Every structure is written in structure tokens, then in C-alpha cells.
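J.: Turn this into a structure:
(chains A and B)
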Amino acid sequence: MARYILKRFAGMVPVLLVIATVTFFLVRFVPGGPFDQERTLPAPVKAQLYAHYGLDKPLYAQYGRYLLNLLQGDLGPSYKYPGWSVNELIVERAKVSLELGLWGLLVAVALGVPAGAIAAARPNTWLDHTLTGLSTLGICVPSFVLGPLLILFFALKLGWFHALGWESAGDRILPALALGLVFAAPITRLTRANMLEVRNQDYMRTARAKGLSGARVYFVHGLRNALVPVMTYLGPTTAGLISGSFVIESMFNIPGLGKLFVSSAFNREYTMICGTVLFYAVALLMLNLAVDVALALLNPRVRLEAK
Amino acid sequence: MSAAPESLWLRAARRLLRNRMAAVSLVFIAFIGAACAFGPAALTHDYMVQDRILGPVAPSALHWLGTDTLGRDLLARLLQGGQISLQVGLIATAVSVLIGVIYGIVSAWHGGRIDSAMMHIVDVLYSLPFTLFVILLTVVFGQELHWIYLAIGTVSWLTMARIVRNQAQTLKTQPFVEAAVCLGQSPLRIMTRHLLPNLAGTIVIYATLTVPSVMMIEAFISFLGLGVKAPMTSWGLLIKEGADVMEEYPWLLIFPSLIFSTTLFALNFLGDGLRDALDPRAEKQS
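T.: Purely as a prediction, here's the structure:
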């Protein structure tokens, strides 16, 4: 196991290097520089800024310095917020995004898994049809449609929540729903399909023959096994939650990492763009590794093989 | 060989039309497609013409779906936006199908180490934050339509590549492929004349399912303000504009959301229906 994890870590290094390189050169092809956006600066001031951040050096020198700093874990300075480093800003904002993402994940799992299990318990009844119908609806209503509708109804019409902001505990509810409900839908479908498959397995009959109650057999023995494929879906779900968070954070005006990334892309903040892309890549790669390891721990039949 | 595929497609078409949800979806998509293609030219209102004195009015006999904050007719804008959204959906899907199918077939055909390396690349790409790259690509190459097609297409071919590769791998061991190899046919000819026609069903199914997901990405970047630029519009941009003023003029949010979600809904149902109709395993059962 330890060997496998080490090998996976080693495999991440070239991937991250490629990502860092591609992003580095991609952002430098963007028309317009980091100091062109807000107001036109006098030429000498701009030249001084470029010199200060080393942007006047030839591209290969900038790239070399960037890689050297990267090796030391330094993502560079922020252009937009002088005095702040990209590392500090990312950590600051990632805390918010992480919280939002966890609430969203909670919504997706806490609604999706029971809904799928219940639908599979009574297949082809009105209950099943309602739940699967709702989940199909969820697949076609993206977060940027759901979010405004939630705000319109619960914040503006009913006045139960704030329409914007991230201060009180109640401010978490609408963004979490807008982000998570969309992913409850595929989780419902997956859980239902897997439960239907697991239902008729021999070990389920054995458990029932031992005299365990129907609900216990179904929800403990059955669900545990049905959830293994659902767990593999957590990787794609997280990737989806990340892109969803871009929209949700700008919609609800939440000071998270997604909002930071979008605004840095607008402002051509080279260091910030590269930093956030790398941060997201590392987070996703680690999560996929964690999911694989967790699956192996849950199911001894899964053997971890490093390519 | 030439007669059999025809009857397969005919049978699949009949089976598709028997599936009520899929048939309704097909009709709905055809209707929306026709409305978006010919509507903007046929309507009396133009999607660009502003009427600032009129401003935003609720749906009425003159403006069936109302007007936006600049007094532009919402129906005209919805149809024009639909034209863009559907266009992006189709062209970006075509790009992703092209990349995915070639990648998948080549990978399966070579097999061995090349195959595992190529599939490993797909696995790695799967785990990356590709929406970030779509955003970057649209920022880098400007918000021109053809770049948006390319940016979306180049990040959404992974599933297609994986599915085509798996199918092609099983096909490769079939006697007719071995026969073609023995006859000395070139790999290119085997891939295009023997493998591709047998993959057509799978490709059609997943292409249909790619269209809604691609449209979703387009709407997503338009919502962030990185998609098509005003005065041109798309469904995602209309939803965004509606969301900005939803408290005062809710119809500007509700109609675009409704038409966007219904179209995605129908496309998903059509894809599912096609899968049921074209899946060879389902054929054996009936």
C-alpha cells in the first residue's frame, strides 16, 4: 500500500510539471498584460512595475525562475493585491471554497443516497418514478439556473435568507443547495442502479435467512456494497463541485477561490492564474488517490496496481 | 454487409419512435431547432433593436415573452441565443467526436504499451480541472465563436475516446477483422471500413449525450461573462442577464431558464432512447 501511494505521488510530478508549463505559456499568450485592465498607467510606472515583478526579462528566464520558485513551493507575488503572496491569498480563499464544497457535497450525498436507496427498494412504483424523474430533472437544471431561482424564491419573495453574502450560518444554506442539488441527481441514479444489482446477491439472502430484519439487511448489508461504485463517482463530483463553485461564488458574492480564479483570468494576473490552476490540480489528484485507497480499504478484492 | 446495417438502422429508428418519451423529445428538439434556425429571420422583432423608451415590459400580445431592460424583444433574443447555443452544441460535439473517435480507435488498434499509455493519458486528463482550461482558453483566444467551439470540443472528448476504445478492442478480435488483416488490408482501411461502421451506433449515442453537456459548458462560461459577447447572445448569457434583474423582471430569468432546461432534458431523453434503440444487447432480448 505504502509503495503504491509513493508511486502515485511520483506519477503526479510530471503531470503537475506539464500543467504548470502549459498554464505558464498559455497565460502569456493572452492579449493584454496584468496592468492594462483597470486604468491606463503612465509608461514609466508600468515599466517599473514590469521590472519589479521580473516581467521585463525574456520568457525563458521568467519560466526558469518560475520553476525554481515552484520547487520551493512559492507561487509568486499577487499583482492585484500588493504585499500579498499568491500562496497566502489561495489559502485564505480556499478555506471558504472548501467549506462551501463540503456543504454542497453533504447536500448531494445526504439527499442522493437515501433517494436512490428508497427508489430501488420499490422499483417501478410511483415512488421510484417520482424520485428518478426528479433526478433526471436535476441533471438538466444546472447550478446557474437553480441558484437564481432559489434566490428569487427563498430570499427575495419569502425573505428567509440573504440573497448575497457569506456571514451568518444561514448564508450557507442557499449556496450549498444550489451547488449540491445538481449532484444529488447522478448520485441518486447511481445508488438506485447499484442497489437494484445488489438486492439479489447471495449474501443478501444469507443475511435475511439469518433472521435479520428487512430494513437492516437492505440498508446495512445492501447499501454498503452498493456505495462502492458511488464512491468512485466522488472524484468527478468534486471536479464538478469546483466548476460549480465558480458560478455559485460569483452569484452569491462569496469570497472563495473560484471567484478569485475567474477574476484573475479577467485581469491577466499571471501568477494567480498559474497558482490556482496548480492548486486545483493538486487537490483533485490527491482526492482521486484518496478515493482509490479508500476503495481498496473497503473492498479487499480491489488490488492497487501502479502503472 | 451492405444490406445488414441498413436494416439495423431502420429497426433502431422504429424502436426509437415506439419509445414515447424519446419520440416526444425528438419532435421537441426538431421544433426548437427549426424555430431557432428560421425564427430570427421570420419574426417582426429583431434581437438587437433596442427601445429604451419602452424598456422592460411583461409578456403581452405585441411582445409574447416581454422585453429586456433595453426594450429588446425576448422571444427574438431567445431564438437568436438558441441558434448560438445549439450551434456551439453541435460543432463542439463534432470536434470532440472527431478527436475522441480517432484517439479511441488508434489506441485500441495498436493495443499493448501504446494503448495503455494513451489510456493512462485519458485517465490523467479526467482527473484534471478542465473547466479551468476552458475558461483560460476562451480568455486567451478571445471570445470569438469558433474559439469557443474549439475550447469546449478539446476538453470533452475523453468519454468518447474511452468508450470507442473499449468497443473497438472487442471488435478487433472478431473474425471479420482477422480476415481483413489476412487479406492484407492496410490498418487505415481496416479502421475506417471495418471498425468505424460497427462503432457507428455507439458513436451516435454518445454524441447525442455529449450535445447537452457541451451546451452546459457553453452556458456556464457565458454565465461567467466569458462566452459570446453582446449584442450577440446565447441561452447562458440570457440566463445571466435575467438573473441580474430577476427581482424586478422575473420573466427575463424564467423563460430562458425554462427553454434551456427543457432542451437539455429532451436531448438527454433522446440520448437514452437512442441507447435503448441501438444497443445490440437489447436487440437479443426482444
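
J.: can you map out the helices along the stretch 51-200 of chain B?
T.: B:74-110, B:112-126, B:130-141, B:145-155, B:158-172, B:175-182, B:187-189, B:196-223 (DSSP state H, counting those that start in this stretch).

J.: Can you say which of those helices is nearest to chain A?
T.: helix B:130-141 (3.6 Å; C-beta to the nearest C-beta). Where you see a C-beta, it was placed from the backbone N, CA and C, and this is true even at glycine.

J.: what's the angle from that closest one to helix B:145-155?
T.: 150 degrees (axes from the mean of the first three to the mean of the last three C-alpha atoms, to 10 degrees).

J.: ok, and for helix B:130-141, which residues are buried?
T.: B:130-141 (16 or more other C-beta atoms under 10 Å in any protein chain shown).

J.: For chain A, tell me which of those show up nearby.
T.: Residues of these in contact with chain A (C-beta under 8 Å from any C-beta of the partner chain): B:130-133, B:135-137, B:139-140.

J.: would JSON lines of these with pLDDT and distance to A:Val113 be doable?
T.: Output for these, formatted as JSON lines (pLDDT from 0 to 100; distance: C-beta to C-beta, whole Å):
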{"residue": "B:Phe130", "pLDDT": "75", "distance to A:Val113": "26"}
{"residue": "B:Thr131", "pLDDT": "78", "distance to A:Val113": "25"}
{"residue": "B:Leu132", "pLDDT": "81", "distance to A:Val113": "29"}
{"residue": "B:Phe133", "pLDDT": "80", "distance to A:Val113": "31"}
{"residue": "B:Ile135", "pLDDT": "82", "distance to A:Val113": "31"}
{"residue": "B:Leu136", "pLDDT": "80", "distance to A:Val113": "35"}
{"residue": "B:Leu137", "pLDDT": "79", "distance to A:Val113": "36"}
{"residue": "B:Val139", "pLDDT": "76", "distance to A:Val113": "38"}
{"residue": "B:Val140", "pLDDT": "73", "distance to A:Val113": "40"}
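
J.: which one among the residues you listed gets closest to B:Thr93?
T.: Of all those, the one sitting nearest B:Thr93 is B:Phe130; the distance, using C-beta to C-beta, is 15.7 Å.

J.: what element comes up after the helix or strand hosting A:His129 heading to the C-terminus?
T.: With elements taken from DSSP states H and E, the one containing A:His129 is helix A:126-140. Going down the chain from helix A:126-140, the next helix or strand is helix A:143-150, by DSSP H and E.

J.: Measure how far the helix or strand that that following helix is followed by is from the centre of its chain, please.
T.: Sequence order places helix A:173-199 as the next helix or strand after helix A:143-150, per DSSP H and E. Relative to its chain's centre, helix A:173-199 lies at 16 Å (C-alpha atoms, centre = their mean, to the nearest Å).

J.: ditto for stretch A:264-276
T.: 19 Å.

J.: and what of stretch B:167-174?
T.: 27 Å.

J.: low-confidence ranges in the stretch 1-150 of chain B?
T.: Where the stretch 1-150 of chain B drops to pLDDT under 70, the residues are B:1-6, B:49-52, B:54-55, B:57-58, B:61-65, B:69-71, B:142.

J.: Next up, the contacts around A:Arg199.
T.: A:120, A:218, A:222 (C-beta atoms under 8 Å, 6 or more residues apart in numbering or on different chains).

J.: for those, which one is nearest chain B?
T.: A:Ala120 (18.3 Å).

J.: List the buried residues of the helix or strand hosting the closest one.
T.: Per DSSP H and E, A:Ala120 falls inside helix A:86-121. Buried positions in helix A:86-121, judged by neighbour count with 16+ other C-beta under 10 Å: A:86-87, A:89-90, A:93-94, A:96-97, A:99-101, A:103-105, A:107-109, A:111-121.

J.: What of stretch A:164-178?
T.: For stretch A:164-178, by 16+ other C-beta under 10 Å, it's A:166, A:171-178.

J.: cool, stretch B:234-241 as well?
T.: For stretch B:234-241, by 16+ other C-beta under 10 Å, it's B:234-241.

J.: a markdown table for the buried residues of helix B:130-141, including distance to A:Ala10?
T.: Shown next, in a markdown table, are the buried residues of helix B:130-141 (distance: C-beta to C-beta, whole Å):
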| residue | distance to A:Ala10 |
| --- | --- |
| B:Phe130 | 23 |
| B:Thr131 | 27 |
| B:Leu132 | 24 |
| B:Phe133 | 24 |
| B:Val134 | 29 |
| B:Ile135 | 30 |
| B:Leu136 | 27 |
| B:Leu137 | 29 |
| B:Thr138 | 34 |
| B:Val139 | 33 |
| B:Val140 | 31 |
| B:Phe141 | 34 |
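
J.: Point out where chain A drops to low pLDDT.
T.: Using pLDDT under 70, chain A drops low at A:31-33, A:36-40, A:300-307.

J.: Report the contact partners of A:Thr21.
T.: With C-beta under 8 Å, 6+ apart, A:Thr21 has these contacts: A:Tyr63.

J.: now swap in B:Ile148 and tell me
T.: Here B:Ile148 is in contact with B:88, B:92, B:138, B:218, B:221, B:227-228 (criterion: C-beta under 8 Å, 6+ apart).

J.: closest to A:Leu287 among those residues?
T.: Nearest member of those to A:Leu287, counting by C-beta to C-beta, is B:Ile221, at 23.9 Å.

J.: ok, and the closest non-adjacent residue to that closest one?
T.: Nearest non-adjacent residue to B:Ile221, counting by C-beta to C-beta, 6 or more residues apart in numbering or on different chains: B:Gly227, 4.6 Å away.

J.: again, but for B:Ala219
T.: B:Gly236 is the one closest to B:Ala219 (C-beta to C-beta, 6+ apart), at 2.9 Å.

J.: Do you know the pLDDT at B:Pro280?
T.: With respect to pLDDT, B:Pro280 scores 52.

J.: and the stretch 201-307 of chain A, which residues reach chain B?
T.: A:235-236, A:239, A:242-243, A:246-247, A:250-251, A:261-262, A:265-266, A:268, A:273, A:276-277, A:280-281, A:284-285, A:288, A:307.

J.: Of these, grab the buried ones for ChimeraX.
T.: Entered in ChimeraX, the line below selects the buried ones among those, by 16+ other C-beta under 10 Å:
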select /A:235,239,242,243,246,247,250,251,261,262,265,268,273,276,277,280,281,284,285,288
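
J.: Tell me who's in contact with the residue found closest to A:Leu67 once you drop the neighbours it is linked to in the chain.
T.: Among residues not flanking A:Leu67 along the chain, A:Ala20 sits closest, at 7.3 Å (C-beta to C-beta, 6+ apart). Counting by C-beta under 8 Å, 6+ apart, A:Ala20 makes contact with A:66-67, A:70, A:274, A:278.

J.: Would you mind writing the PyMOL command to select the buried ones in the contacts of B:Ile148?
T.: Filtering these down to the buried ones (16+ other C-beta under 10 Å) takes a single PyMOL command:
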select buried, chain B and resi 88+92+138+218+221+227+228
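
J.: Could you identify the most distant pair in the contacts of B:Ile148?
T.: B:Ala92 and B:Val228 (13.0 Å).

J.: Check which helices and strands the helix holding A:His129 is in contact with.
T.: Counting contacts by 3 or more C-beta pairs under 8 Å, 6 or more residues apart in numbering or on different chains; DSSP states H and E, helix A:126-140 packs against helix A:86-121, helix A:173-199, helix B:251-278.
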